[in-house]
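Asker: Let me see the structure of the following:
(2 chains)
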Amino acid sequence: MQKLVVIGAGMASGRVLETLFETDPSAYEVTLFNAEPRGNYNRIMLSPVLSGEKSFEEIVTHDDAWYAGNHVTCRFGEKVVSIDRERKIVTGKNGELAYDKLIIATGSSPFIVPVEGRDLPGVIAYRDLDDTNTMIEVSGDREARAIVIGGGLLGLEAAAGLRLRGMEVTVLHLSGHLMERQLDEAAGFLLRKDLEKRGIEVMTKASTQKILGTDKVEGVELADGTVLKADLVVMAVGIRPSVEIAKQAGLAVNRAIAVNAQMQTSDPDIYAVGECVEYNGTLFGLVAPLYEQAKVLAKSLLGENDAFVVKELSTKLKVTGCDLFSAGDFAEGEIREDVVLRDPALGIYKRLVIENDRLIGAVMYGDTSDSNWFFDLIRDKTPIAEMRDTLIFGPAYQGGSPLDPMAAVAALPDDAEICGCNGVCKVKITGAITAKGLTSLDEVRAHTKASSSCGTCTGLVEQLMSLTLGDAFDPNAVKPMCGCTALSHDDVRRLIKAKELKSIPEVQQELQWSTPNGCAKCRPALNYYLVADWPDEYADDYQSRFINERVHANIQKDGTYSVVPRMWGGVTSSKELRAIADVVDKFEIPTVKVTGGQRIDMLGIRKEDLPAVWADLGQAGFVSGQAYAKGLRTVKTCVGTDWCRFGTQDSTGLGIRIEKFMWGSWTPAKLKMAVSGCPRNCAEATCKDIGIICVDSGFDIHFAGAAGLDIKGTEILGHVDTDDEVLEHVVALAQMYREQGHYLERIYKWAKRIGLDEIRRQIMKDHAARRAYYERFVFSQKFAQIDPWSERVSGKDKHEFQPMAELEFAQAAE
Amino acid sequence: MSHALFINDVASTETAERTFVEVAEVWVPEGDRLVWSSGNYGALEAFQSASEKQSFAKGEGLPGKAWSETRPVVLKGFDGSYFLRTDAARAAGLTSAVAVPIFAGAKLKAVLVVLCADDEVRTGAIEVWSEENGLLMLDDGYYGAAKQFEWVSKHTHFPRGQGLPGGVWAASAPMLMRDLGAGYRFIRAESAGQAGLTTGLGLPIAVPGGKTFVMTLLSARGTPIARRFELWKARGAGPDGAKDALLTDGICQRDGPLWDDEKEKTVDAWQGPIGQVLGSGIPLVKHDTAAPSAGYPAMVALPLYRDTAVSHVVAWYY
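Answerer: All right, here's what the predicted structure looks like:
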């Protein structure tokens, strides 16, 4: 009988032996080495053992009786130290052993983040039963806190298990969303929400700087200086193939042990299987390909022909109640098409990626019941044209007549509840449409309250209107925000407040976006709405901004940038002018131009010079003029009573006061202002978004002017007596516009839509409303008046300023 | 492949004379009353015949109370209570009961009632937990002789995600915990171990209005609630309502672990007792020594709803 020696008693080699013994139990005399002091168990089921949902005994794949029954000599707890290929001998800690055939199944070892403190007691990886038992042990201490570094499959399973065991758990993840290799942003968001619902804290973009503690772990310090307490730190950031023994033996090793399709290494008598192998440049971490390899290897040992083929893989997370699935390629691409289905009530998100009539990727969260069917379509490259329209509904909807949603609505009984928020049933809606001759969604909302709260029934209500009114119903009467949603800007703004939606993925999920991540139209809009509505809670998503707002400068036709520092009220000094001159000389800025907004523009600056330019300007006391922003631009002034013979008030001082009060605020579109000291209007206040004309008796406040593609004189908002009142009224007006304007809608268009009288009523007559607007603006400014230039000088978003091969388009150039 | 036998966390003996639960019965709405649908009364024939004739209006008796209050109800001591079958129960030695309403959205599908007999030997626990100020607190529970564990439970609360009740609450899914005493090292573990409690089944009970209830069945060795537990997950509701269910977890005193991470085990709607519960959406209590289910004479299969659809079926056999 030939001697087969196996190094490593893991799942892959276990499956090799099972297959071998099932096919020809007398072919080999087997000796099995394992560094762990135990035999083969189902390692991927350690997570439920950690959580308490399985016992270790349940996940033992091969017990002592199995090894004895198959005459396997077990050398468990004994590490193999070398292989002598010439003599065909392996040496374990307890002595040598000859082989005819050898299998290396050494698996992988966890990757340990190379930070200070990684060797402290209480810092562990998550790999085997001992790690699991350590975690169970620590979780026995009341109030114990765990930090899991790594928000991938293993890390999240560890976090959920530790939480079930009673620990306070925080997950630190370097990337922007959890499981970024397997999930897109939308599914990552739902997963995060799900984990947070379990009391697990999740921190993304969290970079571990060092692990704190003296005799044992006490905490973790992040790169941003945050310090978190911890009694246990679990590192689950990835694995590394264990290849030392193969390297020592002189076998061909790249990133892992190189094997051919028969799992043979560069030595024909030595095979390798599992996570320690590399085949055609691919490494393996999931169990399905390992079992395939095992089957092939067993056949190779028996002289049968078979070849290992790399196949599509799918991912599932073993956390009870977290249903996610991902397979194939789900990156966005020009010739790819997404089909997205969201059900906010049930927390379901499904996305299919189609390319050339084939399903190439799928991501699902909340309902994965059809995942096997989708996986087969991906793996088999099945043409899907014929079922394209109903594909996302799964196999139950295929083969019959296409689903007609209208038929389903028509079939609803009269007492079917359509609007759960307001308890409105079908017949009440159809009855009101008929009796009152309603033709628009707004009318139906006004008369029945249906769809007027959370809005998730809007689609159903529209279908009812279509059924009742036939051609008289024009669903396009409401213009959707973009192709990703059927909701208008107004609806989206209303629902963000009503449903307290506080992140872009949350808006997209709850409002059933039809695309995975939105588009260039909706993302900047959503980002603005969230900044405006939740100034203290929402973290600005710079990736949702146009290039000018991302780099805080204006891109020019040649790819260089222009920089405009703020010059309060258009007033400057010799010191400021010298500083600008020095910057112009130092950076060889080719053009210096006075702008129409009474400030100085430096044109032709290279992108990589921007931070240094800002640093020098910052030293001289300048802040960004935000000449790129959908926000407050300039407050143009005339010289007023200080110098002018006709001046009636201190227009310069008032303009500076307004600009210093309002700078940094984001608005739906740019906001330009002016203060003129007398009706001669030298500051041209009557064509601005907001303008003030000083008169002997006080101040006339104007608004809704335009002097761009459209030219329009301002409208009068009203008259006030003091500059304090000017500030309160102007700020309240700006806040009303901030809260109600559509993204990119200038103030004059907003005013036309809302109605001048309504604006005058709220700002001039309703003192409480005005005060409330004012106070909300003041609150939001706490989080807005941060000079973006000084932030970037200190290193924020520094990658934006690296020289790039490709230039971005100025999508929002002025 | 061979699985190691691990039986010690399921009931260790099948020869135990009596199980923790004496009676299980299902009541379903018919018109404006609840009528008897299925049940297992063991040898308590008199109580059985008294029950089968009974029906309950909304608010009437224990099942009617669970219906009207739209929540699980624990009743300990029948004398002087709203329990309608007090005399028959007394004659049968039954002293406590738990009624669990099963709602599909706002619609009542059935009420499951389990009745227990008090004595100084049998331990186990049937608990109802509900949310209060963001924590799960014990609503009430029946513990048999596990008095110390009862006391500890009354003084325990569970945050989201922690322990069996907190885990079920956060996951909105049933869970089957092993090693309640030995390996489960926190909250209640010590007293659970002392009480001999081993396996814990936690069930989310959906009721109208969104309030959270979690029911737990904690089984002990000598007087098990069940000798086999199964958790099935409903899948694939199509336009015609056809669906199947996947066995996601389970343990059995005879067969060992019932889960298999490689080979899926499924049942179609209306196929066998699990399929029947899946298809009808109504719980089933089966008692048939001639045609045992999974080798056991009696079983209870309970549908769990998420919104208006069955999300899981849990079954226990004894």
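
Asker: The residue in the stretch 51-200 of chain B positioned nearest to chain A: what's it in contact with?
Answerer: Closest residue of the stretch 51-200 of chain B to chain A, CB to the nearest CB: residue B:171 (2.6 Å). All C-beta atoms are positioned from the backbone trio N, CA, C, and that covers glycine. Counting by CB atoms under 8 Å, 6 or more residues apart in numbering or on different chains, residue B:171 touches A:198, A:319-322, B:204.

Asker: Using the record's assignment, carve chain A into domains.
Answerer: When chain A is parsed with automatic domain parsing, its domains come out as A:2-108+A:241-301, A:112-237, A:323-403, A:407-544, A:555-628, A:632-784.

Asker: what about the third one, distance to the chain center?
Answerer: A distance of 21 Å separates the centroid of the chain from that of domain A:323-403, by CA atoms, centre = their mean, to the nearest Å.

Asker: what is the rounded mean pLDDT of it?
Answerer: Averaged over domain A:323-403, pLDDT sits at 86.

Asker: just the second one next, same as before
Answerer: Per-region confidence: domain A:112-237 scores 93 on mean pLDDT.

Asker: which helices and strands sit right next to the worst-scoring helix or strand of chain B on mean pLDDT?
Answerer: In chain B, the helix or strand scored least confidently by mean pLDDT, DSSP states H and E is helix B:189-194, which has a mean of 72. Packing contacts for helix B:189-194, counted by 3 or more CB pairs under 8 Å, 6 or more residues apart in numbering or on different chains; DSSP states H and E, involve helix B:147-154.

Asker: Now do the same contact list for residue 277.
Answerer: Using chain A. A:241, A:256-259, A:263, A:283-284, A:293.

Asker: was after chain B, sorry
Answerer: Residue B:277 touches B:283-284, B:301-303, B:310, B:313, B:315, counting by CB under 8 Å, 6+ apart.

Asker: wait, which of the contacts of residue B:171 is closest to residue A:765?
Answerer: Using CB to CB, residue A:198 is the member of those that sits closest to residue A:765, with 50.2 Å.

Asker: hang on, that closest one packs against residue B:158?
Answerer: No - contact criterion CB atoms under 8 Å: residue A:198 and residue B:158 do not qualify, at 11.5 Å.

Asker: before we move on, back to that, close to chain A, is the helix or strand that the least confident helix or strand of chain B is followed by?
Answerer: Note on helix B:189-194: by DSSP states H and E, the next helix or strand toward the C-terminus is strand B:197-206. No - interface with chain A: strand B:197-206 contributes nothing (CB under 8 Å from any CB of the partner chain), its closest point being 8.6 Å away.

Asker: for the stretch 401-550 of chain A, what are the low-confidence residue spans?
Answerer: Confidence mapping of the stretch 401-550 of chain A against pLDDT under 70 gives the ranges A:401-408, A:453-456, A:475-477.

Asker: where along it do the helices fall?
Answerer: A:405-410, A:426-436, A:441-448, A:458-469, A:489-498, A:504-510, A:522-533, A:547-551 (DSSP state H, counting those that start in this stretch).

Asker: Looking at the contacts of residue A:277, which one is closest to chain B?
Answerer: The closest of the contacts of residue A:277, once distances to chain B are taken by CB to the nearest CB, is residue A:293, at 15.3 Å.

Asker: Contact partners for that closest one?
Answerer: A:12, A:263, A:273-274, A:277, A:279, A:284, A:308.

Asker: mind redoing it with 6 Å?
Answerer: Residue A:293 makes contact with A:263, A:273, A:308 under the criterion CB atoms under 6 Å, 6 or more residues apart in numbering or on different chains.

Asker: Please report which of those has the highest neighbour count.
Answerer: Greatest neighbour count in the contacts of residue A:293, by other CB atoms under 10 Å in any protein chain shown, goes to residue A:273: 33 neighbours.

Asker: For that one, give its distance to chain B.
Answerer: According to CB to the nearest CB, to the nearest Å, residue A:273 and chain B sit 17 Å apart.

Asker: That residue contacts residue A:298, doesn't it?
Answerer: No - Residue A:273 is beyond contact range of residue A:298, at 9.4 Å (criterion: CB atoms under 6 Å).

Asker: Residue B:75 should be in a helix, yeah?
Answerer: No - looking at residue B:75 with DSSP: H, G, I helix; E, B strand; the rest coil, it is strand, so not inside a helix.

Asker: Would you map the helices across the stretch 201-350 of chain A?
Answerer: According to DSSP H, counting those that start in this stretch, the helices that the stretch 201-350 of chain A contains are A:244-248, A:287-301.

Asker: Residue B:30 is nearest to which of those?
Answerer: helix A:287-301 (49.9 Å).

Asker: Okay, buried residues for that closest one please.
Answerer: A:287, A:289-301 (16 or more other CB atoms under 10 Å in any protein chain shown).

Asker: Number of residues surrounding residue 66?
Answerer: Since you didn't name a chain, this refers to chain A. 21.

Asker: Chain B was what I was after
Answerer: Counted by other CB under 10 Å, the residues lying close to residue B:66 total 27.

Asker: can you tell me which residues contact it?
Answerer: Counted by CB under 6 Å, 6+ apart, residue B:66 has contacts B:73, B:99, B:101, B:111.

Asker: Over to residue A:131?
Answerer: residue A:124.

Asker: Name the residue closest to the centre of the chain, please.
Answerer: Going with chain A. Among the residues of chain A, the one closest to the centroid is residue A:185, at 4.3 Å (CA atoms, centre = their mean).

Asker: meant chain B, my bad for not saying
Answerer: residue B:217 (6.0 Å).

Asker: Hmm, residue A:789 is touching residue A:613, no?
Answerer: No - with contact defined as CB under 6 Å, residue A:789 and residue A:613 do not form a contacting pair (8.7 Å).

Asker: So what's the residue count around residue A:100?
Answerer: Residue A:100: 13 surrounding residues under other CB under 10 Å.

Asker: tell me the pLDDT at the residue nearest to it when sequence neighbours are not counted?
Answerer: Closest residue in space to residue A:100, ignoring its immediate chain neighbours: residue A:2 at 4.2 Å, by CB to CB, 6 or more residues apart in numbering or on different chains. At residue A:2, the model reports a pLDDT of 94.

Asker: Wait, residue A:2 touches residue A:27, no?
Answerer: No - at 7.0 Å, residue A:2 does not count as touching residue A:27 under the criterion of CB under 6 Å.

Asker: Shouldn't the residue nearest to the centre of chain B be within a helix?
Answerer: No - the assignment for residue B:217 (three-state DSSP) gives strand, which keeps it out of a helix.
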